[in-house]
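Engineer: okay, here's the prediction I keep looking at, along with the sequence it came from:
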Amino acid sequence: MTIDIKKLIKEEGHIRKFAGVAPEGFVLVHEKTLEELKDFDKWKMWKHNEISIQEMNKNNFDNT
């Protein structure tokens with residue numbers, strides 16, 4: 001099995017960087033992601049599995 005490092009960095013770069021930092025069972029969430037969830041429509045999309053915390057985190061890390 002080969003690992004495509006470029007693809008891994010492109011898809012999970014900043015998020016993978018913080019893997020192992022949070023205690024077992026916890027997830028680190030970008031502050032802007034938490035702010036986005038205050039918006040009812042965004043929260044509803046998350047609640048109905050239309051968008052994930054990981055996707056929102058990735059967008060926020062990419063925009064910083």
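Structural biologist: Right, received. Where do you want to start? Numbering: from 1, shown residues only.

Engineer: okay, CA-based contacts and neighbour counts for the rest of this
Structural biologist: Fine.

Engineer: ok, the residue in the chain sticking out farthest from the centre - contacts?
Structural biologist: Computed with Cα atoms, centre = their mean, the maximum C-alpha offset from the centroid of the chain is found at Met1, amounting to 25.7 Å. For Met1, the contact set (Cα atoms under 8 Å, 6 or more residues apart in numbering) is empty.

Engineer: next one: it from Glu11, what distance?
Structural biologist: 19 Å (Cα to Cα, to the nearest Å).

Engineer: then Lys44?
Structural biologist: For Lys44, the distance to Glu11 under the criterion Cα to Cα works out to 25 Å.

Engineer: pLDDT weak spots in this protein?
Structural biologist: Residues of the chain meeting the criterion pLDDT under 70: 5, 8-10, 12-21, 64.

Engineer: what segments of this structure are helices?
Structural biologist: Under the criterion DSSP state H, the chain contains helices at 5-17, 31-36, 40-47, 53-62.

Engineer: of these, which is nearest Glu24?
Structural biologist: Ranking these by proximity to Glu24 (Cα to Cα) places helix 5-17 first, at 15.0 Å.
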